[in-house]
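Asks: need the 3D shape of this:
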Amino acid sequence: MSKVQRHKVLFFVEGFTDIRFVVGLSEIADLTLCVPASTFASSGLDQRVRASGARVTVVEIPGSRLAFQARSLAWLWSHIAEFDVVVSQEVLRGSVNATLAGALRGVPVVTYMGIAPVEYFRCRRERGRIGPVQAAVGEAAIRAMMTVNGRLATACLAMGPYLRDIAANYCTRSMVGLYYGVDTSYFRPADRDERRQLRVRRDLPLDKFLIFLSSRISHEKDPETVLRATAIARARGLDAVVLNLGGGYREFIELGRTLGLPSPDEWVLGRPAAHPMTEVADYFRAADTMALASLAEGAAYSTLEALSCATPVVATNIGGMAVQLAGVAQLTPRQDPQAMADAFLWIAANPDAAREQAMRGRDLILREWSREKAFGDLAELIDELARARVDARSAGNAVTDRG
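Replies: Residues are numbered from 1 along each chain as shown. Next up is the predicted model:
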C-alpha cells in the first residue's frame with residue numbers, strides 16, 4: 001500500500017457491510033464506523049469486528065429505518081466535521097444523509113457503489129414480487145436518490161468498470177474502486193492433493209464433480225439456472241453436486257425440490273455462510289468449478305475470488321461479469337441452463353485447459369483486483385481529499401484575514 005498520511009475517516013453504513021472492508025479501512029485510517037444497531041448485531045458484524053482485532057470506533061444508531069434516517073442525520077450534522085473524509089456505502093437512502101451533511105459542513109464524502117441499483121430493483125418486478133405501480137415509484141425514487149448523491153458527493157467509487165460507467169451518469173467524478181479487493185495470498189491455487197485434503201477437512205464429497213455457488217439467494221441472482229444446468233449435466237453423465245453457502249442455503253435446498261428436479265436431495269447441498277477471512281477460501285479451492293447465474297450483476301466478487309484460486313468459473317454473460325470475465329471464464333447467456341450445463345461438461349472433460357484459463361484469471365486478479373491495490377488506491381484518494389479540504393480551509397481563512 002502507498003505510504004500516505006493516516007486520516008480520520010468515518011465509514012457510514014445504512015445496512016450491511018463486509019468485515020474485510022472494515023478491517024482494510026482500519027489499516028489505512030483512524031476509523032469510525034457508524035451503523036444501524038439492529039443490523040450490526042443481526043448480521044454478525046459486531047462479533048466479526050471484535051474477533052478481527054481491528055482498531056475501530058463503532059457508533060451504533062438505534063431504531064427502525066425511518067428512525068435511523070432521522071437519528072443518523074442528526075448525528076452526522078453534529079459530528080461530521082470531526083472527520084477528514086467520509087466514506088458512505090452505496091448511493092441510496094443512507095448516503096443521502098452523508099452527502100447532504102458533508103456538502104453543508106464542508107467535509108468530502110465518497111460514496112461506494114457495489115451494485116447497479118436500478119437493474120437490481122427491476123429484478124423484483126421480473127420475479128413478480130412487486131406490481132407495476134410499485135415498480136415505477138420505486139425506480140423513480142432510486143433514480144432521484146442517485147441523482148442527489150451524485151451531485152452532492154465529492155467522488156463515487158464503483159466496483160469495476162461496468163458500475164463506474166453507470167455511476168458516471170450521476171456523479172462527475174466517478175472512478176473504479178475495488179472495495180476490499182481480493183486477498184491473493186488467501187485465495188490461492190491448490191493442486192490435486194491439496195484439493196482432496198480440503199474436501200476431507202470441510203466434509204465435502206471426494207468423488208463428485210463439485211460445483212460451488214458462493215452467493216446469497218436474492219432477487220437478482222438466478223440459482224434456478226445453476227440447479228437446472230446441474231441436473232442437465234447429471235443426466236448427460238456428469239456425477240455432479242452443487243453446494244451453496246449463505247444465509248439462504250435452506251431456501252436453496254428447497255428450491256431444488258420446488259423445481260421438480262430429479263432426486264435433488266442427492267446432489268443439492270447447502271450450508272450456512274462461512275467466514276470470509278478464515279473459511280470460505282477452502283470451498284473455492286476445493287471445488288471443480290464455481291458457478292454464478294444472475295439476472296443482473298455488478299461486480300460479482302465471488303467469481304474474482306474463484307479465479308484467484310485458479311478455479312474455473314462459469315457465469316452469466318451480463319453486467320460486470322461480461323466486462324470483467326471475458327477470456328478468463330466460461331460465459332453463458334442469461335437464463336440458459338443448457339449452455340451452462342455444456343460449460344460444466346467442458347470443464348469436466350478438459351480440466352487442464354479449464355485450469356489454464358482460470359490461471360489467466362488469477363494473473364488478472366493479481367494485476368488489477370488485489371487487496372493491496374484496493375486499499376492502496378483508496379488511501380491515496382482519502383489523502384488527496386483530506387489535503388484538498390485543508391487547503392480550501394486555509395484559503396478561506398486567508399481571505400477572511402485580508403477582509
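Asks: next, count neighbours for the nearest residue to residue 365 once chain neighbours are set aside.
Replies: Using Cβ to Cβ, 6 or more residues apart in numbering and skipping the chain neighbours, the partner closest in space to residue 365 is residue 308 (4.5 Å). (Glycine included, C-beta is placed from N, CA and C.) By the criterion of other Cβ atoms under 10 Å, residue 308 has 27 neighbours.
Asks: quick one: residue 308 from residue 86, how far?
Replies: Distance, residue 308 to residue 86, by Cβ to Cβ, to the nearest Å: 30 Å.
Asks: so for the helix or strand where residue 355 lies, what gets flagged as buried?
Replies: Applying DSSP states H and E as the criterion places residue 355 in helix 351-368. Judged by neighbour count (16 or more other Cβ atoms under 10 Å), helix 351-368 contains these buried residues: 354, 357, 358, 361, 362, 364, 365, 368.
Asks: of the residues you listed, closest to residue 69?
Replies: Nearest to residue 69 among the buried residues of helix 351-368: residue 368, at 36.4 Å, using Cβ to Cβ.
Asks: domain ranges for the chain?
Replies: The chain breaks down by automatic domain parsing into domains covering 8-180+371-402, 192-368.
Asks: pLDDT below threshold where in the stretch 251-400 of the chain?
Replies: Applying pLDDT under 70 to the stretch 251-400 of the chain flags residues 394-400.
Asks: so which of the buried residues of helix 351-368 comes closest to residue 181?
Replies: Taking the buried residues of helix 351-368 together and measuring to residue 181 by Cβ to Cβ, the closest member is residue 365, at 8.9 Å.
Asks: just to revisit the earlier point, tell me which other helices or strands the helix holding residue 355 touches.
Replies: helix 301-308 (3 or more Cβ pairs under 8 Å, 6 or more residues apart in numbering; DSSP states H and E).
Asks: tell me the helices and strands packed up against the helix it packs on.
Replies: With contacts defined as 3+ Cβ pairs under 8 Å, 6+ apart, the packing partners of helix 301-308 are helix 280-286, strand 289-292, strand 313-316, helix 319-324, helix 351-368.
Asks: could you export it as CSV, CA atoms only?
Replies: Provided in CSV are the C-alpha atoms of helix 301-308 (Å, rounded to 0.1, in the frame of the first residue of the first chain):
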residue,chain,number,x,y,z
TYR,A,301,-16.7,-10.7,-6.3
SER,A,302,-17.1,-14.4,-5.8
THR,A,303,-16.1,-15.0,-9.4
LEU,A,304,-12.9,-13.0,-8.8
GLU,A,305,-12.1,-14.9,-5.7
ALA,A,306,-12.6,-18.2,-7.5
LEU,A,307,-10.3,-17.1,-10.3
SER,A,308,-7.7,-16.1,-7.7
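Asks: contacts for that helix?
Replies: The set of residues external to helix 301-308 that reach it, using Cβ atoms under 8 Å, 6 or more residues apart in numbering, is 159, 179, 182, 184, 187-188, 212, 214-215, 280-281, 284, 287, 290, 292, 312-313, 315, 321, 324-325, 328-329, 358, 361-362, 364-366, 369.
Asks: helices of the stretch 201-350 of the chain, residue ranges please.
Replies: With DSSP state H, counting those that start in this stretch as the criterion, the stretch 201-350 of the chain has helices at 223-235, 249-258, 280-286, 301-308, 319-324, 337-349.
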